[in-house]
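J.: pasting the structure only:
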């Protein structure tokens, strides 16, 4: 399974040209090696993958028949293909159909793949058009409902598999199969945020303390961020009530702001009013949100307060970071917000993901929808009492945002195909032995 290392350049810096036949053979060798690696991943061949030369393999790539790396290891072949053209077609097992030894290899391979940078949030291409249901090990006439793969992340597919297995518990014992999915979800949900595949250097605690001290030092700050009203009481990091009683102000350093944001760099130039007055006026937002944003700008960490910032505060900071084009802050805020997702804050989080076009946050919202199907279907119902504003019970139903409501309805309809489509898919369903 060794990937082709490529031809070496030769002779006074000129590119190696060689004979066309040799170049074609080299390209075919590389293509065959990558194809073999994908086969090994889909078959759960842990030892083979670990021994292979994976230096040229792209762990975040997708395959037309296997989806992402996580799709391949978890579900094997997920595209509809002509069985006569694929040798050993029925031996592409998955986490549900494989035996205990094979499942353990797949679990270990998943951990290895995650360590190499595989991403469970990558969407399977449309060519992964297979549908999958599973038969009971002991009762042949028992089977689960079908799941689908195209256009879904590996985590979404794993959650769909868990749902159909849980539904099948009413007729038979699928407990061991559910436990396999749970083990897999535990591994793939622990993915760390990766902004870049480059090796990362640990930062000394002293460096963090230095920048935290700079942030708190209002005596050297030369910029004032003014908020419209006193949303927050006096606190650390340069926040205080404005002497004129017109709101709150937060102190910052122009050198840091200009380096962190191209928008702020332009605003604080001498030709702009903000640069001349050294003051940035915000029409909305809270002191807590500005403090969270500045803490990330200066130290890459959230404020060291007694309580962690709420999802509402982080969403305000996210909107402000987007307005100021502070991309590295957005990259830090997205996973932090995703971890706080619950039914109370789902709508504003999903609305922000759609409005700001944040694909990773939108993926997290879609996975949340898949894992809370019953609550989401109830939420899609019109509010009780004819849509009036009174009554707490009425607020339990209905989304205020039409975009969020449409997104939820779309994701739920993807998970549940129409009866006609389900019957048609059942005709070509692959039975795994």
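T.: The structure has been received and is ready for your questions. Please read these numbers as outputs of a predicted model, since none were measured by experiment. Numbering: from 1, shown residues only.

J.: what's the helix or strand for the most centrally placed residue in the chain?
T.: Residue closest to the average C-alpha location in the chain (CA atoms, centre = their mean): residue 360, at 4.1 Å. Here residue 360, judged by DSSP states H and E, is contained in helix 359-371.

J.: same deal with residue 290?
T.: Short version: residue 290 belongs to helix 287-299, going by DSSP H and E.

J.: In terms of secondary structure, what does that helix contact?
T.: helix 205-216, strand 223-227, strand 239-241, strand 248-252, helix 254-260, helix 311-323, helix 327-339 (3 or more CB pairs under 8 Å, 6 or more residues apart in numbering; DSSP states H and E). In short, each C-beta sits where N, CA and C put it, glycine included.

J.: Which stretch among those approaches residue 402 most closely?
T.: Of all these, it is helix 311-323 that lies closest to residue 402, at 19.0 Å by CB to CB.

J.: The closest one to strand 223-227, inter-axis angle?
T.: Orientation note: helix 311-323 sits at an angle of 130 degrees relative to strand 223-227 (axes from the mean of the first three to the mean of the last three CA atoms, to 10 degrees).

J.: buried sites along helix 311-323?
T.: Within helix 311-323, the residues that count as buried by 16 or more other CB atoms under 10 Å are 311-322.

J.: quick check: mean pLDDT across it?
T.: Average pLDDT, helix 311-323: 94.

J.: And stretch 123-133, by the same measure?
T.: Mean predicted confidence for stretch 123-133 is 92.

J.: Give me the contacts around it.
T.: The contact list for stretch 123-133 (CB atoms under 8 Å, 6 or more residues apart in numbering) reads 62, 64-68, 71, 75, 77-80, 94, 143-154, 157, 161, 164, 363, 417, 425-426, 429-430.

J.: start to end distance for that stretch?
T.: 20 Å (CA to CA, to the nearest Å).

J.: Can you give the distance of it from its chain's centre?
T.: 19 Å (CA atoms, centre = their mean, to the nearest Å).

J.: pLDDT averaged over the helix holding residue 290 - what is it?
T.: 92.

J.: same deal with stretch 205-221?
T.: Rounded mean pLDDT across stretch 205-221 is 88.

J.: List the buried residues of that stretch.
T.: 211-212, 215, 218, 221.

J.: list the contacts for residue 50?
T.: So residue 50 contacts residue 112 (CB under 8 Å, 6+ apart).

J.: Could you rerun that using 10 Å?
T.: Neighbour list for residue 50: 40, 108-109, 112 [criterion: CB atoms under 10 Å, 6 or more residues apart in numbering].

J.: Between all of those, which two are separated the most?
T.: 40 and 108 (13.3 Å).

J.: shared neighbours of the two, which are they?
T.: 46-47, 49-50, 73.

J.: With pLDDT, secondary structure and distance to residue 276 added, can I get those in TSV?
T.: Output for the shared contacts of residue 40 and residue 108, formatted as TSV (pLDDT from 0 to 100; DSSP: H, G, I helix; E, B strand; the rest coil; distance: CB to CB, whole Å):
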residue	pLDDT	secondary structure	distance to residue 276
46	89	helix	63
47	88	helix	67
49	90	helix	61
50	89	helix	61
73	95	helix	58
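
J.: ok, back up a step: higher neighbour count, residue 40 and residue 108?
T.: residue 40 (21 against 17; other CB atoms under 10 Å).

J.: Look up how far residue 130 lies from the more buried one.
T.: Distance of residue 40 to residue 130, computed by CB to CB, to the nearest Å: 20 Å.

J.: and if you look at residue 354?
T.: 29 Å.

J.: check contacts around residue 43.
T.: Taking CB under 10 Å, 6+ apart, we find residue 43 in contact with 49, 72-73, 76-77, 88, 91-93, 98, 102, 105-106, 109.

J.: buried subset of these?
T.: Counted by 16+ other CB under 10 Å, these give 49, 72-73, 76-77, 92-93, 98, 102, 105-106, 109 as buried.

J.: And the helices in the stretch 101-250 of the chain, which stretches?
T.: Taking DSSP state H, counting those that start in this stretch as the test, the helices found in the stretch 101-250 of the chain are 154-168, 175-188, 205-216.

J.: Tell me which of those sits most buried.
T.: Highest mean neighbour count of these: helix 154-168, a mean of 22 (counted as mean count of other CB atoms under 10 Å).

J.: I appreciate the help and will end here.
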